[in-house]
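Q: Any chance you can model this:
(one chain, ligands or ions: 2)
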Amino acid sequence: MSFDTASPIAITLGDPAGIGPEIIAKAFRDAGVDLRGCFVAGDAGILRRAAQAIAGAGAPALPVALIEAASDAGDLPPGCIPVLQVVAPPDGAVAQGEISAAAGRIAGDCVVWAARAALRGEIAAIVTAPLHKEALAAAGFPYPGHTELLQAEAAAHLGRPLAEVPVRMMLANDELRTVLVSIHMSLRDAIEAVSLDGVLQTLRIAHRALGAVLGRAPRIGVAGLNPHAGEGGLFGSEERDIIAPAIAAARAEGIDADGPHAPDTVFMRARAKADGRGEFDVVIAMYHDQGLIPVKYLGVEKGVNVTLGLPLVRTSPDHGTAFDIAGSGRADASSLVEAVRMARSLVRGALVS
Ligand SMILES: NC(=O)C1=CN([C@@H]2O[C@H](COP(=O)(O)OP(=O)(O)OC[C@H]3O[C@@H](n4cnc5c(N)ncnc54)[C@H](O)[C@@H]3O)[C@@H](O)[C@H]2O)C=CC1
Ligand SMILES: NCC(=O)COP(=O)(O)O
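A: Ligands and ions are numbered 1, 2, ... in the order given. I've put the predicted structure just below:
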(Lines give C-alpha, C1' and ligand atoms only; values in the text may rest on other atoms or scores of the structure.)
(Ligands and ions follow the chains in the order given, each with its own letter.)
Protein backbone atom coordinates (compact mmCIF):
# COMPACT_ATOMS: atom_id res chain seq x y z
CA MET A 1 0.00 0.00 0.00
CA SER A 2 1.38 3.42 -0.86
CA PHE A 3 0.70 6.57 1.11
CA ASP A 4 1.98 10.10 1.20
CA THR A 5 4.07 10.51 4.35
CA ALA A 6 4.05 14.26 3.86
CA SER A 7 0.26 14.23 4.33
CA PRO A 8 -0.40 12.42 7.58
CA ILE A 9 -3.82 11.50 8.89
CA ALA A 10 -4.75 12.56 12.42
CA ILE A 11 -6.83 10.19 14.53
CA THR A 12 -8.45 12.16 17.30
CA LEU A 13 -8.44 10.57 20.75
CA GLY A 14 -12.19 10.51 21.38
CA ASP A 15 -13.65 10.59 24.87
CA PRO A 16 -10.97 9.13 27.17
CA ALA A 17 -13.72 7.57 29.31
CA GLY A 18 -14.88 5.53 26.33
CA ILE A 19 -13.45 2.95 23.95
CA GLY A 20 -11.81 5.46 21.61
CA PRO A 21 -8.24 5.16 22.95
CA GLU A 22 -8.54 1.35 23.09
CA ILE A 23 -9.71 0.95 19.50
CA ILE A 24 -6.94 3.31 18.39
CA ALA A 25 -4.33 1.21 20.23
CA LYS A 26 -5.84 -1.98 18.81
CA ALA A 27 -5.85 -0.59 15.28
CA PHE A 28 -2.16 0.35 15.51
CA ARG A 29 -1.39 -3.10 16.96
CA ASP A 30 -3.46 -5.24 14.58
CA ALA A 31 -3.66 -3.16 11.39
CA GLY A 32 -0.24 -1.51 11.34
CA VAL A 33 -0.05 -1.46 7.54
CA ASP A 34 -3.37 0.39 7.21
CA LEU A 35 -2.36 2.81 9.95
CA ARG A 36 1.02 3.82 8.51
CA GLY A 37 1.23 7.59 8.19
CA CYS A 38 -1.44 8.06 10.87
CA PHE A 39 -0.85 9.58 14.29
CA VAL A 40 -3.00 10.23 17.31
CA ALA A 41 -3.93 13.81 18.11
CA GLY A 42 -4.35 13.34 21.83
CA ASP A 43 -2.61 12.51 25.08
CA ALA A 44 0.25 10.05 25.51
CA GLY A 45 -0.72 8.92 29.03
CA ILE A 46 -4.26 8.01 27.94
CA LEU A 47 -2.90 6.03 24.99
CA ARG A 48 -0.44 4.17 27.27
CA ARG A 49 -3.32 3.15 29.53
CA ALA A 50 -5.35 1.99 26.51
CA ALA A 51 -2.40 0.01 25.09
CA GLN A 52 -2.07 -1.75 28.46
CA ALA A 53 -5.81 -2.45 28.63
CA ILE A 54 -5.74 -4.30 25.32
CA ALA A 55 -2.51 -6.14 26.19
CA GLY A 56 -3.81 -7.26 29.58
CA ALA A 57 -2.39 -6.48 33.03
CA GLY A 58 1.34 -7.16 33.26
CA ALA A 59 1.70 -8.10 29.56
CA PRO A 60 4.00 -6.08 27.29
CA ALA A 61 1.99 -3.28 25.67
CA LEU A 62 2.49 -1.53 22.33
CA PRO A 63 4.77 1.45 23.05
CA VAL A 64 3.67 5.04 22.55
CA ALA A 65 6.05 7.21 20.50
CA LEU A 66 5.73 10.93 21.13
CA ILE A 67 6.16 12.94 17.94
CA GLU A 68 6.84 16.66 17.77
CA ALA A 69 4.97 17.50 14.57
CA ALA A 70 2.33 15.87 12.40
CA SER A 71 4.87 15.54 9.62
CA ASP A 72 6.95 13.16 11.80
CA ALA A 73 4.21 10.50 11.69
CA GLY A 74 5.40 8.93 8.44
CA ASP A 75 8.96 8.44 9.74
CA LEU A 76 8.02 5.93 12.43
CA PRO A 77 8.22 2.18 11.89
CA PRO A 78 5.14 0.04 12.62
CA GLY A 79 4.90 -1.44 16.10
CA CYS A 80 4.25 1.76 18.04
CA ILE A 81 1.51 4.34 18.51
CA PRO A 82 2.63 7.77 17.29
CA VAL A 83 1.08 10.46 19.50
CA LEU A 84 1.20 14.21 19.12
CA GLN A 85 0.40 15.76 22.49
CA VAL A 86 -2.22 18.34 21.52
CA VAL A 87 -3.88 18.80 24.93
CA ALA A 88 -2.54 19.40 28.43
CA PRO A 89 -2.12 16.02 30.19
CA PRO A 90 -5.06 15.48 32.57
CA ASP A 91 -4.37 16.04 36.30
CA GLY A 92 -5.31 12.51 37.30
CA ALA A 93 -6.58 9.33 35.66
CA VAL A 94 -9.86 9.87 33.78
CA ALA A 95 -12.49 7.46 35.14
CA GLN A 96 -13.76 5.12 32.42
CA GLY A 97 -17.41 4.57 31.61
CA GLU A 98 -18.50 7.89 33.13
CA ILE A 99 -19.70 11.14 31.63
CA SER A 100 -17.46 14.02 32.68
CA ALA A 101 -16.82 17.56 31.55
CA ALA A 102 -13.07 16.96 31.86
CA ALA A 103 -13.21 14.04 29.43
CA GLY A 104 -15.50 16.00 27.10
CA ARG A 105 -13.04 18.90 27.12
CA ILE A 106 -10.11 16.65 26.15
CA ALA A 107 -12.14 14.98 23.39
CA GLY A 108 -13.41 18.28 21.98
CA ASP A 109 -10.03 20.02 22.14
CA CYS A 110 -8.43 17.21 20.14
CA VAL A 111 -11.05 17.59 17.41
CA VAL A 112 -10.62 21.37 17.30
CA TRP A 113 -6.85 20.94 17.01
CA ALA A 114 -7.22 18.43 14.17
CA ALA A 115 -9.84 20.50 12.32
CA ARG A 116 -7.58 23.54 12.33
CA ALA A 117 -4.55 21.53 11.25
CA ALA A 118 -6.56 20.04 8.36
CA LEU A 119 -7.92 23.42 7.33
CA ARG A 120 -4.37 24.81 7.30
CA GLY A 121 -3.39 21.90 5.07
CA GLU A 122 -0.95 20.37 7.58
CA ILE A 123 -2.72 17.01 7.61
CA ALA A 124 -4.53 15.14 4.86
CA ALA A 125 -7.59 14.00 6.80
CA ILE A 126 -9.16 13.55 10.21
CA VAL A 127 -10.44 10.25 11.54
CA THR A 128 -12.36 10.87 14.73
CA ALA A 129 -12.66 8.32 17.54
CA PRO A 130 -16.05 8.56 19.25
CA LEU A 131 -16.86 11.23 21.77
CA HIS A 132 -19.75 11.35 24.21
CA LYS A 133 -22.18 14.08 23.33
CA GLU A 134 -23.28 14.74 26.92
CA ALA A 135 -19.64 15.04 28.01
CA LEU A 136 -18.96 17.42 25.12
CA ALA A 137 -21.92 19.55 26.19
CA ALA A 138 -20.84 19.40 29.85
CA ALA A 139 -17.47 20.81 28.77
CA GLY A 140 -19.26 23.78 27.23
CA PHE A 141 -18.92 22.99 23.53
CA PRO A 142 -22.02 24.42 21.85
CA TYR A 143 -22.23 21.61 19.27
CA PRO A 144 -24.13 18.31 19.49
CA GLY A 145 -21.42 16.33 17.70
CA HIS A 146 -18.34 16.34 15.51
CA THR A 147 -20.32 17.19 12.39
CA GLU A 148 -21.58 20.52 13.67
CA LEU A 149 -18.27 21.38 15.37
CA LEU A 150 -16.37 20.76 12.14
CA GLN A 151 -18.90 22.77 10.15
CA ALA A 152 -18.37 25.71 12.54
CA GLU A 153 -14.58 25.42 12.31
CA ALA A 154 -14.75 25.28 8.51
CA ALA A 155 -17.08 28.28 8.30
CA ALA A 156 -14.80 30.31 10.61
CA HIS A 157 -11.75 29.33 8.56
CA LEU A 158 -13.46 30.31 5.30
CA GLY A 159 -14.91 33.50 6.82
CA ARG A 160 -18.43 32.48 5.80
CA PRO A 161 -21.71 32.16 7.69
CA LEU A 162 -22.64 28.60 8.77
CA ALA A 163 -25.50 28.48 6.28
CA GLU A 164 -23.00 28.86 3.45
CA VAL A 165 -21.11 25.74 4.52
CA PRO A 166 -23.89 23.13 4.52
CA VAL A 167 -22.76 19.67 5.62
CA ARG A 168 -24.44 16.29 5.76
CA MET A 169 -23.77 13.01 7.53
CA MET A 170 -23.23 9.94 5.39
CA LEU A 171 -23.05 6.44 6.86
CA ALA A 172 -21.69 3.79 4.54
CA ASN A 173 -20.59 0.20 4.43
CA ASP A 174 -19.87 -2.17 1.55
CA GLU A 175 -23.57 -2.79 0.99
CA LEU A 176 -25.42 0.42 1.73
CA ARG A 177 -24.98 4.19 1.94
CA THR A 178 -27.30 6.77 3.43
CA VAL A 179 -27.14 10.57 3.61
CA LEU A 180 -29.32 12.35 6.16
CA VAL A 181 -31.46 15.45 5.68
CA SER A 182 -31.13 16.30 9.39
CA ILE A 183 -28.82 14.99 12.10
CA HIS A 184 -28.83 15.66 15.82
CA MET A 185 -32.23 16.97 16.84
CA SER A 186 -35.44 15.67 18.35
CA LEU A 187 -37.72 13.64 16.12
CA ARG A 188 -40.33 16.40 16.42
CA ASP A 189 -37.80 18.98 15.16
CA ALA A 190 -36.56 16.59 12.48
CA ILE A 191 -40.05 16.37 11.00
CA GLU A 192 -40.18 20.17 10.90
CA ALA A 193 -36.74 20.18 9.26
CA VAL A 194 -38.00 18.29 6.21
CA SER A 195 -38.14 21.29 3.87
CA LEU A 196 -37.84 21.63 0.11
CA ASP A 197 -34.53 23.50 0.51
CA GLY A 198 -33.19 20.95 3.00
CA VAL A 199 -34.02 17.94 0.84
CA LEU A 200 -32.73 19.64 -2.33
CA GLN A 201 -29.50 20.66 -0.59
CA THR A 202 -29.03 17.09 0.64
CA LEU A 203 -29.52 15.80 -2.90
CA ARG A 204 -26.98 18.28 -4.27
CA ILE A 205 -24.38 17.40 -1.60
CA ALA A 206 -24.86 13.65 -2.06
CA HIS A 207 -24.74 13.97 -5.86
CA ARG A 208 -21.51 15.98 -5.79
CA ALA A 209 -19.73 13.91 -3.15
CA LEU A 210 -20.64 10.48 -4.46
CA GLY A 211 -20.12 11.56 -8.04
CA ALA A 212 -16.48 12.29 -7.10
CA VAL A 213 -16.15 8.84 -5.51
CA LEU A 214 -17.93 6.81 -8.17
CA GLY A 215 -16.80 8.76 -11.23
CA ARG A 216 -20.40 8.97 -12.48
CA ALA A 217 -23.70 10.40 -11.35
CA PRO A 218 -24.90 8.38 -8.36
CA ARG A 219 -28.33 6.75 -8.51
CA ILE A 220 -30.07 8.33 -5.56
CA GLY A 221 -33.14 6.81 -3.92
CA VAL A 222 -35.10 9.20 -1.73
CA ALA A 223 -37.04 7.90 1.26
CA GLY A 224 -40.38 9.35 2.19
CA LEU A 225 -41.09 10.60 5.69
CA ASN A 226 -44.33 8.79 6.45
CA PRO A 227 -45.28 5.11 6.39
CA HIS A 228 -45.47 3.89 2.79
CA ALA A 229 -44.29 7.35 1.69
CA GLY A 230 -47.69 8.74 2.65
CA GLU A 231 -49.75 6.10 0.78
CA GLY A 232 -51.08 8.65 -1.71
CA GLY A 233 -51.77 11.23 1.00
CA LEU A 234 -53.62 8.88 3.37
CA PHE A 235 -50.78 8.99 5.95
CA GLY A 236 -49.30 12.43 5.46
CA SER A 237 -48.66 15.08 2.85
CA GLU A 238 -44.90 15.79 3.15
CA GLU A 239 -44.11 13.47 0.24
CA ARG A 240 -46.50 15.28 -2.10
CA ASP A 241 -45.88 18.85 -0.87
CA ILE A 242 -42.14 18.83 -0.07
CA ILE A 243 -40.15 15.75 -1.04
CA ALA A 244 -41.50 15.15 -4.55
CA PRO A 245 -41.02 18.83 -5.56
CA ALA A 246 -37.44 18.70 -4.20
CA ILE A 247 -36.76 15.58 -6.27
CA ALA A 248 -38.24 17.25 -9.36
CA ALA A 249 -36.02 20.31 -8.82
CA ALA A 250 -32.97 18.07 -8.40
CA ARG A 251 -33.79 16.12 -11.55
CA ALA A 252 -34.06 19.42 -13.44
CA GLU A 253 -30.43 20.04 -12.37
CA GLY A 254 -29.35 16.67 -13.79
CA ILE A 255 -29.33 14.79 -10.50
CA ASP A 256 -30.43 11.16 -10.80
CA ALA A 257 -32.89 11.25 -7.89
CA ASP A 258 -35.82 8.89 -7.61
CA GLY A 259 -38.69 8.75 -5.15
CA PRO A 260 -40.08 9.39 -2.64
CA HIS A 261 -40.05 5.70 -1.82
CA ALA A 262 -41.54 3.83 1.12
CA PRO A 263 -38.92 4.17 3.89
CA ASP A 264 -39.40 0.58 5.05
CA THR A 265 -38.39 -0.90 1.67
CA VAL A 266 -36.07 1.63 0.01
CA PHE A 267 -33.01 0.45 1.98
CA MET A 268 -33.48 -3.18 1.05
CA ARG A 269 -33.81 -2.11 -2.58
CA ALA A 270 -30.59 -0.09 -2.37
CA ARG A 271 -28.56 -2.75 -0.56
CA ALA A 272 -25.92 -4.31 -2.78
CA LYS A 273 -26.77 -7.89 -3.70
CA ALA A 274 -24.36 -10.81 -3.62
CA ASP A 275 -24.36 -10.80 -7.43
CA GLY A 276 -23.95 -7.06 -7.93
CA ARG A 277 -25.09 -3.58 -6.99
CA GLY A 278 -28.45 -2.60 -5.60
CA GLU A 279 -31.06 -0.36 -7.17
CA PHE A 280 -29.56 2.84 -5.70
CA ASP A 281 -26.03 3.96 -4.82
CA VAL A 282 -27.30 5.91 -1.84
CA VAL A 283 -30.53 6.53 0.02
CA ILE A 284 -31.46 9.99 1.23
CA ALA A 285 -33.00 9.55 4.67
CA MET A 286 -35.30 12.17 6.13
CA TYR A 287 -33.85 11.96 9.66
CA HIS A 288 -31.07 10.37 11.74
CA ASP A 289 -32.56 7.05 12.80
CA GLN A 290 -34.36 6.39 9.54
CA GLY A 291 -31.00 6.19 7.80
CA LEU A 292 -28.68 4.97 10.53
CA ILE A 293 -30.65 1.98 11.77
CA PRO A 294 -30.47 0.02 8.49
CA VAL A 295 -26.75 0.70 8.04
CA LYS A 296 -25.78 -0.05 11.65
CA TYR A 297 -27.94 -3.15 11.66
CA LEU A 298 -25.67 -4.62 8.99
CA GLY A 299 -22.85 -4.60 11.56
CA VAL A 300 -21.27 -2.07 13.91
CA GLU A 301 -17.85 -3.24 12.75
CA LYS A 302 -18.44 -2.32 9.11
CA GLY A 303 -19.92 1.16 8.95
CA VAL A 304 -18.08 4.42 8.42
CA ASN A 305 -19.41 7.89 9.08
CA VAL A 306 -18.28 10.54 6.56
CA THR A 307 -19.03 14.25 6.80
CA LEU A 308 -19.95 15.56 3.36
CA GLY A 309 -19.66 19.22 2.40
CA LEU A 310 -16.57 20.13 4.44
CA PRO A 311 -13.40 21.53 2.87
CA LEU A 312 -11.54 18.64 4.53
CA VAL A 313 -11.82 14.86 4.72
CA ARG A 314 -13.36 13.55 7.95
CA THR A 315 -14.37 9.98 8.64
CA SER A 316 -15.27 8.15 11.82
CA PRO A 317 -16.34 4.73 13.03
CA ASP A 318 -20.12 4.37 13.04
CA HIS A 319 -20.34 3.48 16.72
CA GLY A 320 -20.14 5.51 19.90
CA THR A 321 -18.16 5.54 23.13
CA ALA A 322 -19.51 2.19 24.41
CA PHE A 323 -19.04 3.13 28.08
CA ASP A 324 -20.41 -0.31 29.03
CA ILE A 325 -17.22 -2.03 27.82
CA ALA A 326 -14.66 0.81 28.11
CA GLY A 327 -11.41 -0.30 29.72
CA SER A 328 -12.12 -4.00 29.21
CA GLY A 329 -10.04 -4.27 26.03
CA ARG A 330 -12.99 -5.98 24.28
CA ALA A 331 -13.92 -3.21 21.86
CA ASP A 332 -13.76 -4.09 18.16
CA ALA A 333 -11.48 -1.75 16.17
CA SER A 334 -12.70 -2.81 12.71
CA SER A 335 -14.90 0.22 12.08
CA LEU A 336 -12.02 2.55 12.97
CA VAL A 337 -9.73 0.71 10.55
CA GLU A 338 -12.44 0.99 7.87
CA ALA A 339 -12.67 4.72 8.64
CA VAL A 340 -8.91 5.10 8.09
CA ARG A 341 -9.13 3.19 4.79
CA MET A 342 -12.08 5.30 3.69
CA ALA A 343 -10.26 8.55 4.64
CA ARG A 344 -7.28 7.50 2.56
CA SER A 345 -9.39 6.71 -0.47
CA LEU A 346 -11.30 10.00 -0.12
CA VAL A 347 -7.99 11.88 0.05
CA ARG A 348 -6.94 10.15 -3.16
CA GLY A 349 -10.29 10.97 -4.78
CA ALA A 350 -10.09 14.55 -3.44
CA LEU A 351 -13.59 14.37 -1.95
CA VAL A 352 -13.62 17.86 -0.50
CA SER A 353 -15.95 20.67 -1.36
N1 LIG B 1 -18.69 9.41 16.09
C2 LIG B 1 -19.08 9.62 17.34
O3 LIG B 1 -18.44 10.37 18.04
C4 LIG B 1 -20.28 8.91 17.86
C5 LIG B 1 -20.66 9.15 19.15
N6 LIG B 1 -21.75 8.54 19.67
C7 LIG B 1 -22.03 8.83 21.07
O8 LIG B 1 -21.59 7.74 21.89
C9 LIG B 1 -22.33 7.75 23.10
C10 LIG B 1 -22.84 6.36 23.40
O11 LIG B 1 -23.76 5.99 22.39
P12 LIG B 1 -24.60 4.63 22.36
O13 LIG B 1 -25.92 4.96 21.82
O14 LIG B 1 -24.51 3.96 23.68
O15 LIG B 1 -23.92 3.75 21.24
P16 LIG B 1 -22.56 2.93 21.24
O17 LIG B 1 -22.24 2.71 19.81
O18 LIG B 1 -21.53 3.60 22.06
O19 LIG B 1 -22.91 1.53 21.94
C20 LIG B 1 -24.01 0.73 21.53
C21 LIG B 1 -23.70 -0.75 21.82
O22 LIG B 1 -22.74 -1.21 20.87
C23 LIG B 1 -21.59 -1.71 21.55
N24 LIG B 1 -20.40 -1.26 20.79
C25 LIG B 1 -20.22 -0.04 20.25
N26 LIG B 1 -19.04 0.02 19.65
C27 LIG B 1 -18.46 -1.18 19.81
C28 LIG B 1 -17.20 -1.73 19.41
N29 LIG B 1 -16.31 -1.03 18.69
N30 LIG B 1 -16.92 -3.00 19.77
C31 LIG B 1 -17.81 -3.74 20.47
N32 LIG B 1 -19.01 -3.27 20.87
C33 LIG B 1 -19.33 -2.01 20.54
C34 LIG B 1 -21.62 -1.10 22.94
O35 LIG B 1 -20.90 -1.90 23.88
C36 LIG B 1 -23.11 -1.00 23.20
O37 LIG B 1 -23.58 -2.24 23.67
C38 LIG B 1 -23.45 8.79 22.91
O39 LIG B 1 -23.06 10.00 23.52
C40 LIG B 1 -23.50 8.97 21.41
O41 LIG B 1 -24.00 10.21 21.03
C42 LIG B 1 -22.51 7.66 18.96
C43 LIG B 1 -22.18 7.40 17.66
C44 LIG B 1 -21.04 8.00 17.00
N1 LIG C 1 -24.94 8.46 15.13
C2 LIG C 1 -23.78 9.05 14.61
C3 LIG C 1 -23.36 10.18 15.44
O4 LIG C 1 -24.07 10.59 16.29
C5 LIG C 1 -22.04 10.77 15.16
O6 LIG C 1 -22.14 12.14 15.15
P7 LIG C 1 -20.86 13.02 14.84
O8 LIG C 1 -20.11 13.10 16.10
O9 LIG C 1 -20.15 12.35 13.73
O10 LIG C 1 -21.42 14.34 14.43
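Q: The residue of the chain found nearest ligand 1 - how many residues pack around it?
A: Scanning the chain for proximity to ligand 1 using Cβ to the nearest ligand atom identifies residue 320 as nearest, at 2.3 Å. All C-beta spots, glycine's among them, are computed from the backbone N, C-alpha and C. By other Cβ atoms under 10 Å, the residues close to residue 320 number 16.
Q: With the one 3 residues further on instead?
A: Applying other Cβ under 10 Å, we find 17 other residues in the vicinity of residue 323.
Q: Surely it and residue 103 touch.
A: No. Using Cβ atoms under 8 Å, residue 323 is not in contact with residue 103; the gap is 10.4 Å.
Q: got any residues that touch both of the two?
A: Listed as contacting both residue 323 and residue 103 by Cβ atoms under 8 Å, 6 or more residues apart in numbering are 17, 132.
Q: could you pull out the helices for the chain?
A: 20-30, 32-35, 44-55, 101-119, 133-138, 146-158, 187-192, 196-214, 238, 244-252, 263-270, 288-297, 334-348 (DSSP state H).
Q: by contact count, what packs against the second one?
A: For helix 32-35, the helices and strands in contact under the criterion 3 or more Cβ pairs under 8 Å, 6 or more residues apart in numbering; DSSP states H and E are helix 20-30, helix 334-348.
Q: Would you tell me which one of these is buried the most?
A: Most buried of those by mean neighbour count (mean count of other Cβ atoms under 10 Å) is helix 20-30; its value is a mean of 26.
Q: picking up where we left off before, okay if I get the helices and strands packed on helix 32-35 as JSON lines plus mean pLDDT and distance to residue 204?
A: Output for the helices and strands packed on helix 32-35, formatted as JSON lines (pLDDT from 0 to 100; distance: least, Cβ to Cβ, whole Å):
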{"stretch": "helix 20-30", "mean pLDDT": "98", "distance to residue 204": "33"}
{"stretch": "helix 334-348", "mean pLDDT": "95", "distance to residue 204": "18"}
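Q: Domain ranges for this protein, per the record?
A: As assigned by automatic domain parsing, the chain contains the domains 1-166+310-353, 174-298.
Q: for the ones you listed, which one ends up most surrounded?
A: Mean neighbours per residue, mean count of other Cβ under 10 Å, is largest over the domains of the chain for domain 1-166+310-353, with a mean of 20.
Q: Next, see if that one gets close to ligand 2.
A: Yes. For domain 1-166+310-353 and ligand 2, the contact criterion (Cβ under 6 Å from any ligand atom) is met by 145-147, 316.
Q: hang on, isn't residue 260 packed against residue 220?
A: No. Counting by Cβ under 8 Å, residue 260 stays clear of residue 220, with 11.5 Å between them.
Q: Just list the residues touching residue 104, thanks.
A: Residue 104 neighbours (Cβ under 8 Å, 6+ apart): 15, 131-132, 134-139, 141.
Q: before we move on, what about residue 175?
A: Contacts for residue 175 (Cβ under 8 Å, 6+ apart) come out as 271-272, 278, 298.
Q: that older thread, could you dump the helices and strands packed on helix 32-35 into CSV with distance to ligand 1 added?
A: Converted to CSV, those look like this (distance: least, Cβ to the nearest ligand atom, whole Å):
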stretch, distance to ligand 1
helix 20-30, 6
helix 334-348, 6
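Q: nearest to residue 166, of the ones you listed?
A: helix 334-348 (18.2 Å; Cβ to Cβ).
Q: quick one, that closest one and helix 196-214 angle?
A: Following axes from the mean of the first three to the mean of the last three Cα atoms, to 10 degrees, one obtains 80 degrees for the angle between helix 334-348 and helix 196-214.
Q: How about the contacts made by the nearest residue to residue 210 once chain neighbours are set aside?
A: Nearest in space to residue 210, with sequence neighbours left out and distances taken as Cβ to Cβ, 6 or more residues apart in numbering, is residue 218 at 3.9 Å. Neighbour list for residue 218: 206-207, 210-211, 256, 281-282 [criterion: Cβ under 8 Å, 6+ apart].
Q: Also residue 141?
A: 104, 108, 149.
Q: Just put those residues in TSV and tack on pLDDT.
A: Compiled in TSV, the contacts of residue 141 are given as follows (pLDDT from 0 to 100):
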residue	pLDDT
104	98
108	98
149	98
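Q: ok, and which of those residues reach ligand 1?
A: Within the contacts of residue 141, nothing lies near ligand 1 by Cβ under 6 Å from any ligand atom.
Q: Test my guess that residue 312 contacts residue 127.
A: No. Judged on Cβ under 8 Å, residue 312 makes no contact with residue 127 at a distance of 11.6 Å.
Q: hmm, back to that, which one of the helices and strands packed on helix 32-35 lies closest to residue 168?
A: Here helix 334-348 is closest among the helices and strands packed on helix 32-35 (Cβ to Cβ), at 14.5 Å.
Q: Tell me the helices and strands packed up against that closest one.
A: strand 9-12, helix 20-30, helix 32-35, strand 125-128, strand 304-308, strand 313-317.
Q: just how off-centre is that helix within its chain?
A: How far helix 334-348 lies from its chain's middle: 10 Å, per Cα atoms, centre = their mean, to the nearest Å.
Q: Alright, I will stop here.
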